[in-house]
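Visitor: Structure for the following, please:
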Amino acid sequence: MVDGIKLDITAPSVRPAFGERPVEPAGQAGTVVWLGWLIIVLGMVLAARVLALIYNQSDLFFDEAQYWSWSVSPAFGYYSKPPLIAWVIGFSTSICGTSEFCIRLPSPILHTATALTVFAVAARLYGGKTGFWSAVVLATLPGVSFSAGLISTDVPLLLFWGLALLGLVGLIENRQSWWAALLLGLALGLGLNAKYAMAYFVLCTVIYAAATPEHRWLLRCRGWWVALVIGALLIVPNMIWNYLHSFATFSHTADNAKWGGPLFHPNKALEFFASQFGVFGPILFGALLVIAVRAYRQGLPPADRFLLAFVLPMIIIVTVQAFLSRAHANWAAVSYVAATILVTATMVRELSWRWLRLTLALHVALIVGIGLVMSQARTLALPGAAGKNPFSRTLGWKQLADVTRQRLGRAGIGGRPVGSVLTGDRSVTAELLYYMRDSRVPILAWPSLGRPKDHYQLTRAFSRSSPEPVLLVTEGPPPKSLLARFARSGAVEKVAIPAGSGAERVMYFVVLDGFRGRRPGGKVGRKPLPGSSTR
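Guide: Purely as a prediction, here's the structure:
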């Protein structure tokens with residue numbers, strides 16, 4: 001009893017920031033214990049994913065092959081993406097080698113790092129127990145499990161989005177925290193170098209500050225502006241690269257939105273929204289919708305409201321984008337860093353352990369299932385798909401390279417050997433560059449009129465000075481208008497290349513010589529597979 005006030009020394013302490021966030025009775029020691037258990041769990045998940053990569057039978061997807069081809073020519077920018085994905089692959093292959101395994105290896109490692117970042121954010125907001133479960137849920141999300149088996153720009157983006165959240169939380173807790181400002185700035189800059197979608201973090205911060213009067217000081221905070229300056233400085237080299245290349249990446253991003261066609265596609269919006277049940281998980285996304293409705297009707301605790309500001313804006317923006325044109329399922333992926341913490345914290349707080357256990361059981365089953373399926377990728381067949389292999393888009397590329405090598409070994413026109421390989425589609429160019437990486441024969445892209453349409457038209461376009469004769473390789477019959485651009489041509493050869501059980505890739509080969517000049521325009525061969533040339 002002190003001055004008539006009874007003190008309960010057994011009550012847990014309360015961290016002041018955000019006005020809530022009870023800490024476990026064990027305090028800091030309890031958080032360390034939870035971190036120890038988390039490291040063990042994440043180590044097991046990482047080991048399982050690395051093992052799955054070892055036995056993965058799929059060839060590189062053409063986006064993966066393209067990123068690898070970028071990595072052998074380090075730069076501050078590339079046609080369709082900022083440079084970080086190429087740097088990550090280049091670092092990995094310099095240590096591990098150039099196999100498919102080594103190219104994809106950074107993915108499960110970076111996802112593990114993202115889960116640790118989620119633990120750090122959730123532990124500061126809600127305590128170590130919630131941090132543990134949030135990190136485990138994030139590490140096993142369906143979208144993450146699928147992403148861990150390939151390399152993509154979303155992988156480093158998610159990590160830096162999580163680090164930016166950690167920095168922002170630290171800045172809100174202490175506006176004088178320079179470590180928080182520095183972390184936030186580095187995360188923003190590196191995230192932008194991974195994918196321009198990192199810019200949405202700034203928008204989400206502004207929305208949060210506008211909706212939270214007690215934290216509107218954040219936008220006037222010196223640490224916030226220091227972070228913005230650091231982030232801007234880190235993306236400047238990429239901006240300079242874009243300036244020197246006619247802002248190729250920005251033009252591609254605008255093309256990717258596809259706003260030039262008919263507007264209003266409610267079916268696309270519904271398709272994107274429904275896909276989020278698969279990306280985030282049916283239970284978790286359903287719970288997220290319940291929390292969003294609850295926030296509108298009843299309000300949320302401060303920490304929950306903070307996280308929701310980094311969830312809803314992206315989902316709403318991309319759903320509108322899908323309604324106006326189209327959207328891929330992963331375009332709102334950054335939302336699920338904060339969403340994982342929010343939903344998990346709600347389940348832990350409300351003791352919804354049954355739903356949490358069921359969620360994790362489904363996620364673990366999916367991890368095992370994906371690993372088993374990818375180990376049988378070459379022979380897998382779906383009865384409901386006429387026996388065709390669902391991974392046919394990622395199969396047959398290695399065989400295509402072998403067939404192309406055989407054609408290179410034959411005499412060209414007039415007894416002259418083939419001087420270069422000419423392709424008419426980004427996917428074929430990327431795959432041949434990777435699977436023929438030991439060949440000295442240059443692989444070139446057929447240019448388009450006007451500005452380049454992909455990275456290879458920008459950096460390795462066929463021209464009058466290119467070595468001839470050329471071996472034209474197309475997926476689909478080569479158009480007569482293209483053949484007419486050459487004075488001499490051999491016989492067109494059609495080759496069916498197996499692409500998994502029940503599927504094949506029909507390729508066409510023809511030797512050409514005597515280039516007359518640029519053709520009228522248009523793509524060579526068949527149209528790219530849906531989504532293949534715009535990501």
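Visitor: need the strands for the chain, in chain order.
Guide: 420-423, 443-445, 470-474, 486-489, 493-498, 504-515 (DSSP state E).
Visitor: Which among the ones you listed is found nearest to H245?
Guide: Evaluated with Cβ to Cβ, the strands of the chain place strand 443-445 nearest to H245, the distance being 15.4 Å. C-beta here means a position set from N, CA and C on the backbone, and glycine is covered the same way.
Visitor: Show me which positions of stretch 203-221 end up buried.
Guide: Neighbour-count burial for stretch 203-221, with 16 or more other Cβ atoms under 10 Å as criterion, is recorded at 204-205, 207-209, 215, 218, 221.
Visitor: swap that for stretch 57-73, please
Guide: For stretch 57-73, the neighbour count (16+ other Cβ under 10 Å) marks 57-71 as buried.
Visitor: For F250, the count of nearby residues, please.
Guide: 12 (other Cβ atoms under 10 Å).
Visitor: Spit out the contact partners of it.
Guide: Under the criterion of Cβ atoms under 8 Å, 6 or more residues apart in numbering, the contact list for F250 reads N242.
Visitor: Also the one 3 residues further on?
Guide: With contacts defined as Cβ under 8 Å, 6+ apart, the neighbours of T253 are Y196.
Visitor: Which stretches in the stretch 151-300 of the chain count as helices?
Guide: Applying DSSP state H, counting those that start in this stretch to the stretch 151-300 of the chain gives helices spanning 154-173, 178-194, 200-211, 222-244, 248-257, 266-279, 282-298.
Visitor: Out of the buried residues of stretch 203-221, the closest to M239 would be?
Guide: Proximity of the buried residues of stretch 203-221 to M239 was ranked by Cβ to Cβ; the top entry is T205 with 21.3 Å.
Visitor: so that closest one sits right up against L218, yeah?
Guide: Yes - counting by Cβ atoms under 8 Å, L218 is a contact partner of T205 at 7.2 Å.
Visitor: Just give the closest residue to A86, not the sequence neighbours.
Guide: Distance criterion Cβ to Cβ, 6 or more residues apart in numbering; nearest residue to A86, sequence neighbours excluded, is W70 at 3.8 Å.
Visitor: Just list the residues touching the one you found, thanks.
Guide: 78, 83, 85-86, 89, 455.
Visitor: Same check on C102?
Guide: The contact partners of C102, taken as Cβ under 8 Å, 6+ apart, are 92-93, 95-96.
Visitor: Now do the same for the residue nearest the centre of the chain: its pLDDT.
Guide: Residue closest to the average C-alpha location in the chain (Cα atoms, centre = their mean): D154, at 2.3 Å. According to the prediction, D154 has pLDDT 95.
Visitor: From L219, how far off is it?
Guide: As defined by Cβ to Cβ, to the nearest Å, D154 lies at a distance of 28 Å from L219.
Visitor: Same check on E431?
Guide: The separation that E431 has from L219, given Cβ to Cβ, amounts to 47 Å.
Visitor: Also T114?
Guide: Separation of T114 from L219 (Cβ to Cβ) stands at 27 Å.
Visitor: cool, and A194?
Guide: 25 Å.
Visitor: returning to that earlier point: which one of the buried residues of stretch 203-221 sits closest to G450?
Guide: Proximity to G450 was ranked across the buried residues of stretch 203-221 by Cβ to Cβ; first place goes to C204, at 36.3 Å.
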